[in-house]
Each structure stands twice: as C-alpha cells, then as structure tokens.
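Peer 1: A structural model of the following input is requested.
(6 chains)
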Protein chains: 4
Amino acid sequence: MTDSPLAERRAGGRRGGKRERLIGAALDLLHRQGVARTSLAQVAEAADVPLGNVYYYFKTKDDLVRAVIDAHAERVRATFAAYRAAHPDPRDRLKAFAAQIGASGGYAARHGCPMGSLCSELDKREDGGLDQESATLMTLGVDWVREQFQLLGHSAEDAGDLAVTFISVFQGASLLSNTFRDPGLMSRQAAFLTRWIDDQARAG
Amino acid sequence: MTDSPLAERRAGGRRGGKRERLIGAALDLLHRQGVARTSLAQVAEAADVPLGNVYYYFKTKDDLVRAVIDAHAERVRATFAAYRAAHPDPRDRLKAFAAQIGASGGYAARHGCPMGSLCSELDKREDGGLDQESATLMTLGVDWVREQFQLLGHSAEDAGDLAVTFISVFQGASLLSNTFRDPGLMSRQAAFLTRWIDDQARAG
Amino acid sequence: MTDSPLAERRAGGRRGGKRERLIGAALDLLHRQGVARTSLAQVAEAADVPLGNVYYYFKTKDDLVRAVIDAHAERVRATFAAYRAAHPDPRDRLKAFAAQIGASGGYAARHGCPMGSLCSELDKREDGGLDQESATLMTLGVDWVREQFQLLGHSAEDAGDLAVTFISVFQGASLLSNTFRDPGLMSRQAAFLTRWIDDQARAG
Amino acid sequence: MTDSPLAERRAGGRRGGKRERLIGAALDLLHRQGVARTSLAQVAEAADVPLGNVYYYFKTKDDLVRAVIDAHAERVRATFAAYRAAHPDPRDRLKAFAAQIGASGGYAARHGCPMGSLCSELDKREDGGLDQESATLMTLGVDWVREQFQLLGHSAEDAGDLAVTFISVFQGASLLSNTFRDPGLMSRQAAFLTRWIDDQARAG
DNA sequence: AATGAATGAGATTTCATTCAT
DNA sequence: GATGAATGAAATCTCATTCAT
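Peer 2: Residues are numbered from 1 along each chain as shown, chains lettered A, B, ... in the order given. Below is the predicted model of the structure:
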C-alpha cells in the first residue's frame, strides 16, 4: 500500500512511469517531426527524464521507435475493436471508420497521418527492421477493412483491392491535407468514401 | 570552342554541367534515401564534384533540395504537356496518367512516389520554406487533374474534389506499394482509377 | 538447512555463492575480451546476479579484477603444488609444466595466455595498482621455475635467467599462437622447451 | 616556393602535415595506453588538431589504428632491410636483431613491445579485421627470422620453428620486462638469444 | 543484503558549412 | 571559379558508479 501508490499502478507498476512518459513524448515528437529529425535528447527533455536514463529503458533509438509503433498499433487495434463492438453491420463499421477519418482533418492538416509518415520515412532505410514494424502497422488497417468487405460478400481478392483503395484514399488524403494545410480536405474525401462504401456494399 | 562544347551549352552554359550533375545525383539520392538521410558529401561523390564546390552552386543544402524539387516539377509539367498534346479528350488524358501510374509499380514498390515522400518529409519541418516548395509540386498534379474534370463538365468545386481523390489514390497506393513491397498493387489501383474516371466522366 | 545447503557453505558461506559466480564469470570474460572491453553489466548477466548487487561484493570494477587475479593465482599455485607432489625430480616437474603448456594450444590459439593478457593490458594503466597485482601473478611462475633450476644445481642468478627464458618462451608462444590462430605452435614450442630443459639440467 | 615551405614537403606535401602528426601522436599513445584506453580526443589534443578534423583524415578510429600499424610495419621493414644491407652473413643479421632487442630494455620496461601489445589487445576483438592487421605486423618478424635460418641451411620447417622460438623469447621477454619494470631483463635474454643463434647456426 | 532504477561524464561519429588559397 | 581542408555543434550510445527502498 505504502509502496505502490495509484499513480504507479497506472504506470504499469514501474516507479514514476518513466517508460510510459518516454513513449508518450516520443509518440508525439516522432509524429510531428519525423524519426530522423527527433533526437533522443528532445524526447528525454519532453518526458522530463535524464538522457542517460533513456537507455535504461530502450537500448537504442530504434528500440524506442519500435515501442512507439507498438503503442500506436495497440491504439489502432482498440479503435477497430470498438467499431466491431458498436456496429454489427460491417457497412456501418466502415462508415464509422470513414467518419473518424473525416473528423481527423485538424491533426492531418498539421502532421499528416502518423502511420503514413512512419511508413514513408522508415521504408527509406535499409538497416534495422523498422520498415517491417511500420508495415505491420499499416497491415492492421488494410486487413480490418478487407475483413469487413468480405463480410459484405466480396471475394477475398476483391475485398483486398477494395481495402487497399480505401486505405489509399485515407493515406493520400492525409498527405494532401497536410501538404495543403487544409483540414476540410479530409472531410470531403471521407464523404466520398462513405458514398463509395455504399456502392461497394450494393455490388458485393 | 574548345572550352565550351555543345553539351555544355545545353547544360546551361556552365562548364562541365556540374550544377546539372549535382541536381541529378541529388534527385536520385533524395528520392531513395530521403532528405535527412542524404548528406551533401554523398551527393557530391555521386555527382563527381568536390564537396567544397557544391557551395558555389548552392548556398545551402536547402537550396539544393529546392533545385531538385524545381527540376522534378519541370518533369511533371512536361509529362502533363505531353498528355495534352497526345490526347484531345480529357478522359483519355486522365487515363494516360492512370496508365503511367499503373506502370510505375516497380519504382513505387522500391521507393514510393518521390513527390509524396518529399511532401511527407518536408511538411514535418518548421524551418525554411521547403514545405511550400514541395506543396507547389503536389499542386501541379491536383490542378492538372482538376482542369481535365472541369473540361469534362464538372463544376470547379466538384472537379477539385475529384482531383484530390484521384491524386490521393495515386499517393496512397504509392505508399502502400512501397510499404508492402508490392509492385502489382499499383496496377490494380490504376485499374480502379481507370474505371472510376469513366464513372465520373459519365456523371459530369 | 533449507537456507544454507552444503554447496553454499563450500562457496564461502555466502548465500547463493554469488561472489564466486561473479568471479567465475569475470574470469571467463576478462580472459576472453580483456578488461577494458568487459563491462560489469556483462559480468553480472553472465553470473546471473543483478547489476546493483555486484557492488555489494566488490566496491569497484578494479576490486573485481583483483579478485579474479587472486583466484587465478590460486589455481596456478595449486598446479605447481600438484607438480611438486607428483614428481620428486625437478626436471620432471619442469617437463610436466612444459607438457601442460604444449597441451594448452587450443585455448592459447583462441585467447592467448590469461596471465600474459592481463599483464599486457594492466601494465598500460597508470592508475590503481592493478599492475602490481598482475605482476605478482607472473612472479609465481618465474619463481617456481627458478626454484626448480636451483634444485638442479644452478646458481640463483643463472636459475633466474633460465626461469625468465622458460616463461618468456611460454608467454611469447601463447601470444604468437593467438596471433596466428595456430594451436600446433604451442606444442612445437613445448617440445623445444622439453629438449632445452634437458640441456640445462645437464649443464646445471 | 612561397606556397610549399620545407616543413610541408617533409610532411608528404600536405598542408601542416596533420595526418602525420595524428599518426605520430596515435603511435605514441596507443603504444603507451593501449587502443581501448586511448580516445580520439587525446590523440587530437596531442597532435594539436581539432577533434572534428581527425575524421577528415581517418573515417573511423579503427582506420587510424590501421594507419598506425602500417606506419609501424614500415619501420620494421626498414630495420630488417638495414640488417640485410649491413651484414652479408645471416648469423650476423640475427645477432644484430638480438642486439637491438637487448638495447630496447628501457622502452620495453616502460611499455612492453608495441607489436606484442597490439596483437594481445586486438586479438581479443571479434569485430573489424584489425587482428589480421596486427598479425601481419607480427608475421614480418617471424618471416624475416625464418628466412635467415633457411639461409643458414635449415629446412623450411625447422627454420619456421626456430623463428617462432626467437620471436617468442623476444615477445615474452618484452612482456616480463614490462611486468617487472626491469630493463636489464631484456639484455640478459638477448645474450641468451645470441648464444642460441650460434648453437643453431652450428646445427643448421 | 539486495536491487531496480538512475545518473552524468565521456566516447565515437556525422555533417552542414566555412575558409584560405 | 574551384577546392582541399577545417571546424564545431550535435547525435547516439556506453558504462562505472550511486541511490532509494
């Protein structure tokens, strides 16, 4: 009782929750500045952790990036699980996803899509295996959308192509929204996706 | 005569065409490795130009990046001009663009779309004005596609949205193709775009 | 009974014999990697002892190195005692030593002689007094060999020089065996030593 | 004339001879402190070169070490060439070598033999190929001594073993001289080598 | 006694940029 | 114009050692 206050329990049992603070700060900075332009000193500063201490939690910078990707993946999984729970109809699930995309214009206009940015940057590296890690992240979305289209009666192959189109529009719109600093762009493309979902559902 | 052969005149009158060689080498390296991970020393080496000499042609690294973006923009403009010249019907022009997209799967799977990569990376920087520069590049495509849809009878607003969808699919598919190292992905999305162009042409 | 089994008593009475495990792991790692390239974290890991706990047993890294040297010295003393017990004739004792040298080619080719490596590395340090410690280790061998030559009738001075020659050949051969990764080198030099012992015994 | 003063000519034509100063400083520090305990900052300081500038001449620390080994090898080759030139009789050449060994007691007592130290330390590393480099250095001596013994009529195999014994005594004596801080040790072992050379010459 | 966590000094390395000639 | 050399700031990473409990 005296040894483990609530704050520490929430932090996963670690004293002070520094690991979590580091991942949180890194999540934010990596998404905003990119991997290459974010130094561990910045992350440490933002997390209020001495630089040397970062290496107690993460052996290398890549390790931290990996942890950030994993944390992000967990969020994504939770989002999809929520759609599943909230909507029995796959079409509604896809529309919920599209709606969320439309609502994320503010963030997209400022920073683009975190997943897309990471994939774009990490695929340019030949070392490590971080590109695989980020690819896994992207797979989550494609697989989930494909699954919904299959549930709507599309063949595995068709559903795969439809899923790629869906995520492509999402990723492309995030990029353009960011490039043009135009938050409204996202909602207009989300509207397109919503209509398109209905078209495909009819066709499935 | 002996000092400035024709080849050099074409290269802008500069002796040896070093500026052009630098831009060419940078174009290649920046697209493959990203801006942050490409050093001027690498560019100089690839262009067979002494490092110290680079600064005679480009005051800063950003200056070189700007020149690369401009050079790429020129290529893009030339491509669109060629479509215009080759096809009187805007629908055919768009299909020609889609066809080229489909044919570029190999490059996309390896490096993504140069424009997309640059926009994604440069929009993460708050300094300089390179994000504006890369946004201009992206605008070229969107504007050209919008123009074709307007020629097909769509309103300015509708055509703008359609253009954004078109370029989004292109950019998103490039990203996914690169992420999944799947060249075929591009041609399948290009096929989708081709059908979709017909749909919009009918509707316009 | 349940808290201190025999195995632990033998280990010096300390619970778990952690001190011994640390020395054992350090002995191995220091000989293989050298002092400077071996971190306490590695030693702790290899000994399955928490890093923080190392400092309960050894105040500093140098303290641990000292303990390793002492442990090694104990082994060396035991070896010499065994030769003494097994062979009444000093000449046979020396030949037994030479034979052991010849048989150690495999280890020497991989890591050199532990004593030699330690002396070579630690004599390069001006701090601490670890060089004295490793010198003591080397003295053991020289003194024992000298003793045998004196027993064979050589003067103290002559015996000292002979002992230095003997150990020099041993150390030099260990170094060359390691440098050239040639295990057979040791046995060939051991054969030389054996003949040479006879020559000196005759001369003594 | 005004552009290339004598000092620069001597330094190999490079301005200021920084490369040479770096190698010189490194030669000294590496021999005295070992590779691991010598930082590039120390070398830079000793050579009066800004740290950042070191990397203009040597891409990595290992590169500098390599250059030092090469420089040392050059010295060794020059020494052997001098023996060859000065003495037609291989026996005299070997004795000249032994005499030099005997005369080097002061340095050996303080720092050991540079070659031996390097081989001992670098053979403990699994990375890079510096162990090969230092092995080459050691080969120089063994090969040269073998050559002399062959000229004296020994078979290739015998001469090889004799050469290894010779260099072993040299290396071992350097180590013991350093360990015991005893400069006289070297001259006494050199005397042994001189007598031993005669024995082998008679036997060859 | 035991230990997970913390810390700060220092090492190697990279690189955009500048300078002297 | 051209260029080899120089420079310093900053980044990643290591590690002996200490601390709080």
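Peer 1: For the rest of this, base every contact and every neighbour count on C-alpha atoms.
Peer 2: OK.
Peer 1: so how far is A:P50 from the residue in chain A that chain C sits nearest to?
Peer 2: Closest contact between chain A and chain C, by C-alpha to the nearest C-alpha, is at A:Y56 (11.9 Å). As judged by C-alpha to C-alpha, to the nearest Å, A:Y56 and A:P50 stand 11 Å apart.
Peer 1: before we move on, could you check phi and psi at A:H87?
Peer 2: phi -130, psi 120 (degrees, to the nearest 10).
Peer 1: again with the one 3 residues further on
Peer 2: In terms of degrees, to the nearest 10, the main-chain angles of A:P90 are phi -50, psi -40.
Peer 1: neighbours of it, just the number please.
Peer 2: Counted by other C-alpha atoms under 10 Å in any protein chain shown, the residues lying close to A:P90 total 19.
Peer 1: Hmm, it is touching A:Q148, no?
Peer 2: Yes - under the criterion of C-alpha atoms under 8 Å, A:P90 makes contact with A:Q148 at 5.1 Å.
Peer 1: what residues are up against A:T136?
Peer 2: Residues near A:T136 by C-alpha atoms under 8 Å, 6 or more residues apart in numbering or on different chains: none.
Peer 1: how much space is there between it and A:V142?
Peer 2: 10 Å.
Peer 1: Please tell me I have it right and A:G106 contacts A:N178.
Peer 2: No - applying C-alpha under 8 Å, one finds A:G106 not in contact with A:N178, separated by 9.1 Å.
Peer 1: Can you show me the helices along chain A?
Peer 2: Ranges of helices within chain A are A:6-10, A:18-33, A:40-47, A:51-57, A:61-86, A:90-103, A:105-111, A:114-122, A:130-151, A:156-180, A:184-203, based on DSSP state H.
Peer 1: between A:G106 and A:N178, who's got more neighbours?
Peer 2: A:N178 (28 against 18).
Peer 1: If we ignore the residues flanking it in sequence, what's nearest that one?
Peer 2: A:A109 (3.9 Å; C-alpha to C-alpha, 6 or more residues apart in numbering or on different chains).
Peer 1: and if you look at A:A36?
Peer 2: B:A36 (6.6 Å).
Peer 1: doesn't A:V35 make contact with the one you found?
Peer 2: No - applying C-alpha under 8 Å as the test, B:A36 and A:V35 come out as separate, 9.7 Å apart.
Peer 1: Run a quick neighbour tally on A:A81.
Peer 2: Count around A:A81 with other C-alpha under 10 Å applied: 12.
Peer 1: Please disregard the earlier target; I meant A:K95.
Peer 2: Neighbours around A:K95, by other C-alpha under 10 Å: 21.
Peer 1: what sits against it?
Peer 2: Contacts of A:K95 (C-alpha under 8 Å, 6+ apart): A:T194, A:I197.
Peer 1: So it versus DNA strand E, what's the distance?
Peer 2: Distance, A:K95 to DNA strand E, using C-alpha to the nearest atom of the strand, to the nearest Å: 42 Å.
Peer 1: Which pLDDT does the model give that residue?
Peer 2: Predicted confidence (pLDDT) at A:K95: the value is 98.
Peer 1: Pull up the gap between it and A:D198, please.
Peer 2: For A:K95, the distance to A:D198 - C-alpha to C-alpha - is 9 Å.
Peer 1: And A:R84, by the same measure?
Peer 2: For A:R84, the distance to A:D198 - C-alpha to C-alpha - is 18 Å.
Peer 1: quick one: low-confidence parts of chain A?
Peer 2: Applying pLDDT under 70 to chain A flags residues A:1-16, A:204.
Peer 1: near chain B, which residues of it?
Peer 2: Those residues of chain A that sit near chain B, judged by C-alpha under 8 Å from any C-alpha of the partner chain, are A:32-34, A:36-37, A:111-112, A:116-117, A:119-121, A:123-125, A:131, A:134-135, A:138, A:161, A:164-165, A:167-173, A:175-176, A:178-180, A:188-189.
Peer 1: which phi and psi does A:S104 have?
Peer 2: According to degrees, to the nearest 10, A:S104 has phi -90, psi 20.
Peer 1: I meant A:S39, not that one.
Peer 2: Per degrees, to the nearest 10, the backbone of A:S39 is at phi -90, psi 150.
Peer 1: And for it, the neighbour number?
Peer 2: A:S39: 16 neighbours (other C-alpha under 10 Å).
Peer 1: quick one, domains of chain A?
Peer 2: Per the record, chain A has its domains at A:1-58, A:69-203, by automatic domain parsing.
Peer 1: now, of those domains, which is deepest in the fold?
Peer 2: When neighbours are counted by mean count of other C-alpha atoms under 10 Å in any protein chain shown, the highest per-stretch mean among these falls to domain A:69-203, a mean of 20.
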